[in-house]
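Undergrad: attaching a predicted model along with its sequence, questions to come.
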Amino acid sequence: MKTKNLIFISFLVLLFAFSSYLSGQNKTKEKPYSLEKDKQQRKKFGRQNMMQNPSEELILKIIDGLSSNNEDKQLQVMTLAFKVRDDRIIHIAEKLLLESSSSEVRWNCAQLLCRSSNSIPVLIKALNDNDNTVKFCSSKALARLGEKDSCYNTLLDIWDESEPVTKSNILHIFVDIGTNEAIEFIRNEINNTNPRVATHAAFALAKLGYYNDAFPVLKEFLNNDNKEVRVTSITGLAYIGDKTSLELIRKMLNDDEHIVRYRAKTILKNYGIEYTIEK
């Protein structure tokens with residue numbers, strides 16, 4: 001009887017050890033690039049960027065600047081406003097978003113309100129602004145706050161009038177929205193005639209886990225003449241993270257542009273991959 005018990009206990013010990021091994025393997029194989037990690041990093045950056053226990057004097061300085069009718073003063077204190085969490089500042093920003101004559105002040109206020117769920121009604125009103133940048137920033141804030149439908153339609157409305165840089169940013173907002181319609185729109189844009197837009201569409205699909213759709217586009221644009229397109233391509237491949245993608249990233253260590261080589265080095269380092277530069 002004792003022998004059977006000992007055998008059973010030994011079996012349990014081995015089973016536990018094997019489970020721990022598998023758990024350890026899974027942890028080491030966890031990809032350093034994913035949509036979930038992006039969200040965690042965003043929250044972490046937001047916390048780090050906030051001032052801890054700002055003085056009342058500083059808060060009043062921000063309030064005074066925002067409450068003035070001087071656009072320059074409003075913009076000067078806006079940088080500080082982003083670092084302070086105070087309901088009084090939020091209320092002034094809401095008012096300015098809807099009433100300021102300066103589009104720059106309005107779109108800064110829209111960005112400021114992305115951390116205030118109580119500001120959703122004001123941000124929705126701002127979607128009717130006559131300035132597309134204000135519409136874009138308000139939509140981005142709403143997407144971060146989980147208000148998907150209204151901002152998706154607004155971004156569709158301004159798409160055709162937007163520059164490639166803005167279109168690329170819109171595609172990544174569609175990642176945050178994550179509805180079937182938004183994902184299908186992204187998928188269609190991998191065929192965009194502008195390399196920047198097409199590459200960001202593939203990058204966005206890689207973030208969402210649509211690797212089969214993203215990989216051929218990202219691989220193709222590794223040879224693009226534009227260094228920013230190549231950087232976007234290798235970043236998208238980092239989210240796929242399989243052996244083939246990482247090998248393609250490794251080959252970019254020999255790129256002529258420093259920014260491309262640096263991005264490739266950073267990705268390989270985050271994956272724990274040793275590399276040598278063959279020059």
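TA: Perfect, thanks for sending it.
Undergrad: which parts of stretch 253-273 are buried?
TA: For stretch 253-273, the neighbour count (16 or more other C-beta atoms under 10 Å) marks 253, 255, 260, 263-265, 267-268 as buried. C-beta coordinates here come from the backbone N, C-alpha and C atoms, glycine included.
Undergrad: would you mind putting the residues you listed into a markdown table with distance to E189 and pLDDT alongside?
TA: Formatted as a markdown table, these follow (distance: C-beta to C-beta, whole Å; pLDDT from 0 to 100):
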| residue | distance to E189 | pLDDT |
| --- | --- | --- |
| L253 | 29 | 96 |
| D255 | 25 | 96 |
| V260 | 23 | 97 |
| R263 | 22 | 96 |
| A264 | 25 | 96 |
| K265 | 29 | 96 |
| I267 | 24 | 96 |
| L268 | 28 | 96 |
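Undergrad: got a list of what Y275 touches?
TA: Going by C-beta atoms under 8 Å, 6 or more residues apart in numbering, Y275 touches 250, 253, 265, 268.
Undergrad: try 6 Å this time
TA: With contact taken as C-beta atoms under 6 Å, 6 or more residues apart in numbering, Y275 is in contact with 250, 268.
Undergrad: next one: I234
TA: 249, 252, 263-264.
Undergrad: can you rerun that using 8 Å?
TA: If you count contacts by C-beta under 8 Å, 6+ apart, then I234 has 218, 222, 248-249, 252, 260, 263-264, 267 around it.
Undergrad: repeat that for Y210.
TA: For Y210, counting by C-beta under 8 Å, 6+ apart, the contacting residues are 183, 187.
Undergrad: in strands only, show me the buried residues of stretch 253-273.
TA: Counting by DSSP state E, no part of these is found in strands.
Undergrad: cross those residues against helices and list the overlap.
TA: 260, 263-265, 267-268 (DSSP state H).
Undergrad: looking at the residues you listed, which is nearest D86?
TA: R263 (37.4 Å; C-beta to C-beta).
Undergrad: pretty sure L66 contacts E94?
TA: No: checked against C-beta atoms under 8 Å, the pair L66 and E94 is beyond contact range at 10.9 Å.
Undergrad: which of the two has more residues huddled nearby?
TA: L66 (26 against 22; other C-beta atoms under 10 Å).
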